[in-house]
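Asks: here is my input; please provide its structure:
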Amino acid sequence: MSLRIAGITDESVVDGPGIRLVVYAQGCLQDCPGCHNPETQNLEGGRLVTLEELTEKIERNPYLDGVTFSGGEPFMQAEAFARLAQKFKPRGLSLVTYTGYTFEYLFKESRSDSSIYRLLKSTDLLIDGPYLQEKRDLNLLYRGSYNQRIINVPRTLSSGHLSISKGAPALLP
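Replies: Numbering: from 1, shown residues only. Sure, this is the predicted structure:
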């Protein structure tokens, strides 16, 4: 199986807790004014890579604390991203997923698309919501605008209530 990606950052400390490999999904329909990654919006752009290529790249770096899926919109390729997560999560790496959708919308959509649920279930921290230029705040951790939330997905799914992080979230296993 392949993913259409815009690129990869081998090591990042700004896209979630710890040292992270970041995979940028190619394709997004949100078209947020002031988007941080406008080059990732084109559905036909980027390049195709196999899950095996990405898994090998992740496994070659012993310093990683986790992986981040950014974009573009990872949930537009939920099946492939969920399968990729299933390959590295057993190694103890955490997953941060950025999305322009809200958790509530994704959870509703997951009732008819099991790949969305599998990607949500694999995610430790979800940064949700569209970037809103009028709510931009450069002091926010991991986010560009203050409408975006940092959601502890395992806690949310187990409790049935949104678990939103107010400060810096702990690095999740």
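
Asks: what segments of this structure are helices?
Replies: Remark: helices assigned in the chain by DSSP state H are 51-59, 78-88, 103-109, 114-122, 153-159.

Asks: can you add mean pLDDT and distance to Glu39 and give those helices back as a markdown table?
Replies: (C-beta placed from N, C-alpha, C; glycine too.) Below are those laid out as a markdown table (pLDDT from 0 to 100; distance: least, C-beta to C-beta, whole Å):
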| stretch | mean pLDDT | distance to Glu39 |
| --- | --- | --- |
| helix 51-59 | 97 | 19 |
| helix 78-88 | 98 | 19 |
| helix 103-109 | 97 | 24 |
| helix 114-122 | 98 | 23 |
| helix 153-159 | 94 | 28 |
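
Asks: and the longest strand for the chain?
Replies: strand 2-12 (DSSP state E).

Asks: looking at the helices of the chain, which is closest to Gln133?
Replies: Counting by C-beta to C-beta, Gln133 lies closest to helix 103-109 out of the helices of the chain; the figure is 20.5 Å.

Asks: from the contact counts, what lies against the longest strand of the chain?
Replies: Packed against strand 2-12 by the contact rule (3 or more C-beta pairs under 8 Å, 6 or more residues apart in numbering; DSSP states H and E) you find strand 20-25, strand 47-50, helix 51-59, helix 78-88.

Asks: which one of the ones you listed is the most hemmed in?
Replies: The highest mean neighbour count among these, using mean count of other C-beta atoms under 10 Å, belongs to strand 20-25: a mean of 24.

Asks: so for that strand, mean pLDDT?
Replies: Mean pLDDT, strand 20-25: 98.

Asks: give me the sheet partners of it and which way each runs.
Replies: If you go by DSSP bridges, strand 20-25 pairs up with strand 2-12 (antiparallel), strand 66-70 (parallel).

Asks: will you turn those strands into CSV that also has distance to Gln133, mean neighbour count and mean pLDDT?
Replies: Shown next, in CSV, are these (distance: least, C-beta to C-beta, whole Å; neighbours: other C-beta atoms under 10 Å; pLDDT from 0 to 100):
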stretch, distance to Gln133, mean neighbour count, mean pLDDT
strand 2-12, 21, 17, 97
strand 66-70, 18, 25, 97
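
Asks: great, nothing more from me.
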